[in-house]
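Enquirer: what's the 3D shape of this:
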Amino acid sequence: MSNSISLNDPSLHWESRYKRNCFIYIIIYGLLGAVTGVTNNTLVSYLDLAAPKVVTGLNIYTAIGSLLMAIMLIYIHKTGYKKVLIVAPVLTVMTMIAMIFTDNTQVIAISYALLNAGVGIYDFMYPLMYSVYVPRKIRTFMMSAVMVTNLVTQAIVTFFGGKVVVWVFSKLMHISYDQASLLSGHQAKMTGNVLATYINSYKSVIYIAMGFTVLAFFCSLFLKERPSDYKETEAELEEREAKKAVNFKLLAKKDIVLFVTFLGLIRIGAYLITPYFPIYLNNFLHIQRGTVSTIITLQTFAMLIGYTFAPWLEKKLGSIVSISVMTLSCTPLMLLMAKGNIFGSGVAIAIGIVLFLRSGLANASMPIQQSLQMALVPKNLRPAFSSLITIVNSVIGIGVGIFTSTILLKNPSGYATAYYIAAVFYIVACILLLVLRKKYNRIMEKETDEEKIEREQEEAAEERGE
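Expert: The predicted model follows:
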């Protein structure tokens, strides 16, 4: 399980500035994990109470946020990473303030879309940055490290988030924690002052998320970047032109289209179930709010465990096989999730175990996937490729959002049906991906010519003291 290469191994040729930026981003992404622990869980439950119409069309607003991210990604090769990471937290805090200080559904919907852009952009930044800053031999390892850090903080905040809501609720209502917890499992029965107080209890956790976002802003100021980090240098351009290897038509290659199709099918499945975890567990399986936080926290730890296995999986199975096998193996567990009500009084324990296993398996290959997709295209095309993926996700999000709001979630049983539909998409996606096995399964084991040129230039710059 341990990586055989030390991070200080001279053979890696890992420049000090690159390394510094990588570890600063680990701190930034860790802080954003704490924010995500609120936005993916507590905030969704808050919106279900404060703006239920927004929740049924959640994927539509997520898709709008993704389109905004796509625009930002297109311009990263001009602006660089640092400017984006300074603007994103400002946008995030402003949208959170808007959502808790207004009852206007339209304002909340727009704010949620902007929030998704502000928070979601961080998920695209580290694949772009690490594909430049990290030597290929340890790239999957470092991808795992940054994702694990994010998940640790996300798990901690998720675990305490629901419990803080219940604790604040109990204090405001002048009742015991146990009484408040019992009420939280039946929020549909709340009315008047009780409901208003319960809604206000959620705001305390959202304020905490704002604090973490502000810290991420200050950390971003310490990044040191050069134009060569996000633009091709003259030497790289000459090398590319000599080989006539790269232009935007590369994004229309069969292999790229197939990989984007795989990602799109997986995204459909994710959009159908992931945003609604807290609602499905709390409202329809009637699991108490504090317990829901614990279950989702365990799911997050399962993701963390999965990430730590990624380097080992890649070494043993290769990139393509690892992604396919791990994704496919979680589908039977998704079918059990759909049948959650069969567990009766043991539903919380049973669903907790199923969700833990499903999340661990589904995410074990995620660092490999992030590394692989950045290795499929040259540096100049990576922001455009990320933007393409984001646009595809946006279109999918709008389609899934319309489907869930107008058809699937019109009936409460739709929350369970979503798991069956998602499982089918996962299976089809894995079959498609295996077509790329022969060509790309071991692609991460070699340094490209472009990376060699880039490394040599950075070494020369360091020798000159730049």
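Enquirer: any weak-confidence spans in the stretch 351-466 of the chain?
Expert: Counting by pLDDT under 70, the stretch 351-466 of the chain has low-confidence residues at 443-466.
Enquirer: Equivalent analysis for the stretch 1-150 of the chain, please.
Expert: Applying pLDDT under 70 to the stretch 1-150 of the chain flags residues 1-5, 11.
Enquirer: all helices for it, in order.
Expert: 16-37, 43-50, 52-56, 58-74, 76-79, 81-100, 105-133, 139-173 (DSSP state H, counting those that start in this stretch).
Enquirer: Residue 111: neighbour count?
Expert: Other residues near residue 111 come to 23 when the count uses other CB atoms under 10 Å. Using the backbone N, CA and C atoms, a C-beta is placed for each residue, glycine as well.
Enquirer: hang on, the earlier thing: next, format the helices of the stretch 1-150 of the chain as TSV and append distance to residue 280.
Expert: TSV is the format used below for these (distance: least, CB to CB, whole Å):
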stretch	distance to residue 280
helix 16-37	18
helix 43-50	11
helix 52-56	12
helix 58-74	13
helix 76-79	36
helix 81-100	22
helix 105-133	19
helix 139-173	15
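Enquirer: Next up, the contacts around residue 149.
Expert: Shown in contact with residue 149 (CB atoms under 8 Å, 6 or more residues apart in numbering): 26, 27, 29, 30, 33.
Enquirer: Number of residues surrounding the fourth one?
Expert: Counted with other CB under 10 Å, the burial measure for residue 30 works out to 21 neighbours.
Enquirer: and if you look at the second one?
Expert: By other CB under 10 Å, the residues close to residue 27 number 16.
Enquirer: do the same with the first one
Expert: The number of residues packed around residue 26, counting by other CB under 10 Å, is 19.
Enquirer: Quick check: it touching residue 148?
Expert: No - the criterion here is CB atoms under 8 Å, and residue 26 misses it with residue 148 at 9.3 Å.
Enquirer: Look up how far residue 372 lies from the residue most central in space within the chain.
Expert: Centroid-nearest residue in the chain, with CA atoms, centre = their mean: residue 123, separated by 5.5 Å. For residue 123, the distance to residue 372 equals 16 Å [CB to CB, to the nearest Å].
Enquirer: one step back: okay, the contacts of residue 149 in a markdown table with distance to residue 418 next?
Expert: Formatted as a markdown table, the contacts of residue 149 follow (distance: CB to CB, whole Å):
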| residue | distance to residue 418 |
| --- | --- |
| 26 | 34 |
| 27 | 36 |
| 29 | 29 |
| 30 | 31 |
| 33 | 25 |
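Enquirer: between those residues, which is nearest residue 73?
Expert: When the contacts of residue 149 are compared for distance to residue 73 (CB to CB), residue 29 comes out closest, at 16.8 Å.
Enquirer: isn't that closest one right up against residue 126?
Expert: Yes - at 6.1 Å, residue 29 counts as touching residue 126 under the criterion of CB under 8 Å.
Enquirer: tell me, what's touching the two both at once?
Expert: Residues touching both residue 29 and residue 126 (CB under 8 Å, 6+ apart) are 146, 147.
Enquirer: Just the element for residue 224, please.
Expert: For residue 224, there is no host helix or strand (DSSP states H and E).
Enquirer: What residues does it make contact with?
Expert: Each residue near residue 224 by CB under 8 Å, 6+ apart is listed here: 17, 20, 21.
Enquirer: most surrounded residue in those residues?
Expert: Within the contacts of residue 224, residue 21 tops the neighbour count with 23 neighbours, counted by other CB under 10 Å.
Enquirer: is it true that that residue touches residue 130?
Expert: No - using CB under 8 Å, residue 21 is not in contact with residue 130; the gap is 9.4 Å.
Enquirer: just the helices in the stretch 351-466 of the chain please.
Expert: 366-375, 382-406, 414-433, 437-440, 449-463.
Enquirer: and if you look at the stretch 201-350 of the chain?
Expert: According to DSSP H, counting those that start in this stretch, the helices that the stretch 201-350 of the chain contains are 234-243, 254-273, 277-279, 289-317, 319-329, 331-338, 347-363.
Enquirer: Now tabulate those in a markdown table and tack on distance to residue 422.
Expert: Listed next are these as a markdown table, based on distance: least, CB to CB, whole Å:
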| stretch | distance to residue 422 |
| --- | --- |
| helix 234-243 | 40 |
| helix 254-273 | 3 |
| helix 277-279 | 12 |
| helix 289-317 | 15 |
| helix 319-329 | 11 |
| helix 331-338 | 6 |
| helix 347-363 | 10 |
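Enquirer: Can you tell me how far residue 19 is from residue 129?
Expert: 12 Å.
Enquirer: which of these two has more neighbours?
Expert: Comparing residue 19 with residue 129 by other CB under 10 Å, the one with more neighbours is residue 129, at 23 against 17.
Enquirer: Next up, the contacts around that one.
Expert: Going by CB under 8 Å, 6+ apart, residue 129 touches 21, 22, 25, 81, 229.
Enquirer: Next, the buried residues of stretch 407-418.
Expert: Buried residues in stretch 407-418, counted by 16 or more other CB atoms under 10 Å: 408, 409, 414, 415, 416, 418.
Enquirer: What lies in contact with it?
Expert: Under CB under 8 Å, 6+ apart, the answer for stretch 407-418 is 56, 272-273, 276, 279-280, 283-284, 337-341, 404.
Enquirer: Of all pairs in the residues you listed, which one is the farthest apart?
Expert: Within those, two members stand farthest from each other by CB to CB: 56 and 339, at 23.2 Å.
Enquirer: Of those two, which one has the most company?
Expert: Counted by other CB under 10 Å, residue 56 and residue 339 do not tie: residue 56 has more neighbours, with 19 against 14.
Enquirer: Excluding chain neighbours, what is closest to the more buried one?
Expert: Leaving aside its sequence neighbours, residue 56 sits nearest to residue 405 (CB to CB, 6 or more residues apart in numbering; 4.4 Å).
Enquirer: Can you add distance to residue 170 and give the buried residues of stretch 407-418 back as JSON lines?
Expert: As requested, the buried residues of stretch 407-418 are exported to JSON lines (distance: CB to CB, whole Å):
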{"residue": "408", "distance to residue 170": "35"}
{"residue": "409", "distance to residue 170": "31"}
{"residue": "414", "distance to residue 170": "33"}
{"residue": "415", "distance to residue 170": "28"}
{"residue": "416", "distance to residue 170": "31"}
{"residue": "418", "distance to residue 170": "33"}
